[in-house]
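In: build me a structure from this.
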Amino acid sequence: MIDIKLIRENKDLVKENIKKKFQDEKLPLVDEVYELDKKYRESKLKGDNLRALKNSKSGEIGNLMRDKKIDEANKIKEEIKQYGDEIAALEEEEVKLEAEIREKMMVIPNIIDDSVPVGKDDTENVEIEKFGEPVVPKYEIPHHADIIAAVNGMDKEAAGRTSGEGFYYLIGDIARLHEAMIAYARDYMIEQGFTYAIPPFMIHSDVVEGVMSFPEMQAMMYKIEGEDLYLIGTSEHSMIGKFKGQIVKEDDLPICMTSYSPCFRKEGGSHGLEERGLYRVHQFEKQEMIVLCKPEEAMEWYHKMWKYTVDIFRAFDVPVRTLECCSGDLADLKVKSCDVEAWSPRQQKYFEVGSCSTLGDAQARRLGIRTKGEDGTYYVNTLNNTVVATPRGLIALIENNYQEDGSILIPKVLQPYMGGKEVIAPK
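Out: Got it, this is the predicted structure:
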């Protein structure tokens, strides 16, 4: 949610930003909010003036009663009652106007950074940089589901019986490799100075609305029937929500945390579920990172954060690239975002394994997360980034470490988490 001052003082900037995101249907909202805000401020000013007048008149009553001027005192009492009725009506109108303004403001997208390329959708995202040489071996790389099946590492058939399509059992060394990736990512982030956390895996609706847009929520999240609870789609949701309604100490900024959680997503729509493998599933696990910082530090943290993910995947012997998200591919709360994509030697192309975003003060404004500095109280900036998400990260690791004999080399950094094991061989 943007600062309403932008609409009061620079409607054209807000409208131009909406056009850059190819959301022209939202353009009328800017003028609607402008007019509603004008009415709200007029109502508030009138109410403040009446309250001041009411207080002034109330002070006269005591003197009149002391001077035995009962009729005059009663007349002022009637006036005060009328003021009170008018003030109550104005306050009721202000509450309605405030709610209507907030509802519309929640839909108006955040102001994107000037460096964001303008484009309609993810087909117009821009490659930034490649890390590692993308190799296509002379031998065939099977589908990851077949590689895992050859080492008895997955059972989707049984998961279909227990849970339905989009779920899976990971078995044996593959399950262990999966957890090794998460454990390494956790320890790596702790070494970078991040505080480790395991958050709640369910959150209230007001937290959901604070961290993401309504269309995203509808497309992604599972609602717990009969309760005001949603299963998280990423631990960023509950980690940012941790600070809801708080005034954090400026001396404590930046707050850097890394969190583990299972994640739950509908994965509906055009993408759908992947029938055979693990690329699109309802449940996965992830190591996440979040940062709360001063506005002037946000962009520096943004570039630090995506580099952490790159470093981790390079440690897994996986070539990656970074992709700048264009304006039309940015979620409404985001100021700037990039994807980290891993090389698939089987498909001979890159695929997404992580995403890094800076959201300005949009989440903080929705959730009321502030800090107090020398110049007063202000909203913090929030950022988030995927450290490692499995099983997508697992797919990338398996494909890039697959050998001609059907074995999977275990990267050196993960071997300590695998009891010193160096290779997973076919059964």
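
In: could you list the low-pLDDT ranges of the stretch 51-200 of the chain?
Out: For the stretch 51-200 of the chain, the stretches with pLDDT under 70 are 59-68.

In: the helices in it, which residues?
Out: Counting by DSSP state H, counting those that start in this stretch, the stretch 51-200 of the chain has helices at residues 70-105, 144-150, 156-162, 172-191.

In: over to the stretch 201-350 of the chain?
Out: Under DSSP H, counting those that start in this stretch, the stretch 201-350 of the chain gives helices at 205-211, 214-220, 235-241, 298-315.

In: ok, of the ones you listed, where does mean pLDDT dip lowest?
Out: Of all the helices of the stretch 201-350 of the chain, helix 214-220 carries the lowest average pLDDT, namely a mean of 76.

In: list the buried residues for it?
Out: Of the residues in helix 214-220, 217, 219-220 count as buried by neighbour count, 16 or more other Cβ atoms under 10 Å. Placement of C-beta: from N, CA and C, glycine included.

In: need the contact list for the residue nearest to the spatial centre of the chain.
Out: When Cα atoms, centre = their mean is applied to the chain, the residue found nearest the centroid is Val211 (5.2 Å). By Cβ atoms under 8 Å, 6 or more residues apart in numbering, the contact list for Val211 reads 236-237, 240-241, 333, 363, 366-367.

In: let's see 6 Å
Out: By Cβ atoms under 6 Å, 6 or more residues apart in numbering, the contact set of Val211 is 237, 240, 363.

In: ok, Ile174 - contacts?
Out: For Ile174, the contact set (Cβ under 6 Å, 6+ apart) comprises 148, 153.

In: quick check, pLDDT for the residue nearest to Ile111 when sequence neighbours are not counted.
Out: Leaving aside its chain neighbours, Ile111 sits nearest to Asn17 (5.2 Å; criterion: Cβ to Cβ, 6 or more residues apart in numbering). pLDDT, Asn17: 98.

In: what helices or strands is the helix or strand containing Asn17 leaning on?
Out: Take DSSP states H and E as the rule and Asn17 turns out to sit in helix 11-20. Here helix 11-20 touches helix 27-66, going by 3 or more Cβ pairs under 6 Å, 6 or more residues apart in numbering; DSSP states H and E.

In: for Ile128, which residues are in contact?
Out: Contact analysis of Ile128 by Cβ under 6 Å, 6+ apart lists 322, 324.

In: Val340 versus that one, what's the distance?
Out: From Ile128 across to Val340, the span is 10 Å (Cβ to Cβ, to the nearest Å).

In: quick check: neighbours shared by the two?
Out: Common contacts of Ile128 and Val340 (Cβ under 6 Å, 6+ apart): Thr322.

In: which parts of the stretch 301-427 of the chain are strands?
Out: In the stretch 301-427 of the chain, the strands defined using DSSP state E, counting those that start in this stretch lie at 320-324, 336-344, 349-358, 370-373, 376-379, 381-390, 408-409, 423-424.

In: looking at those, which one is packed in the most?
Out: Among those, strand 381-390 has the highest mean neighbour count (mean count of other Cβ atoms under 10 Å), at a mean of 26.

In: now that one against strand 349-358, angle please.
Out: Counting by axes from the mean of the first three to the mean of the last three Cα atoms, to 10 degrees, strand 381-390 lies at 150 degrees to strand 349-358.

In: neighbours around the residue nearest to Ile111, how many?
Out: 19 (other Cβ atoms under 10 Å).

In: just Arg276 next, same as before
Out: Residues lying near Arg276 (other Cβ under 10 Å) number 11.

In: could I get the contacts of Val211 in JSON lines, plus columns for neighbour count and distance to Tyr379?
Out: Converted to JSON lines, those look like this (neighbours: other Cβ atoms under 10 Å; distance: Cβ to Cβ, whole Å):
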{"residue": "His237", "neighbour count": "31", "distance to Tyr379": "18"}
{"residue": "Ile240", "neighbour count": "27", "distance to Tyr379": "12"}
{"residue": "Gln363", "neighbour count": "30", "distance to Tyr379": "9"}
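
In: distance to Val388 added to those, as CSV?
Out: Formatted as CSV, these follow (distance: Cβ to Cβ, whole Å):
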residue, distance to Val388
His237, 18
Ile240, 19
Gln363, 23
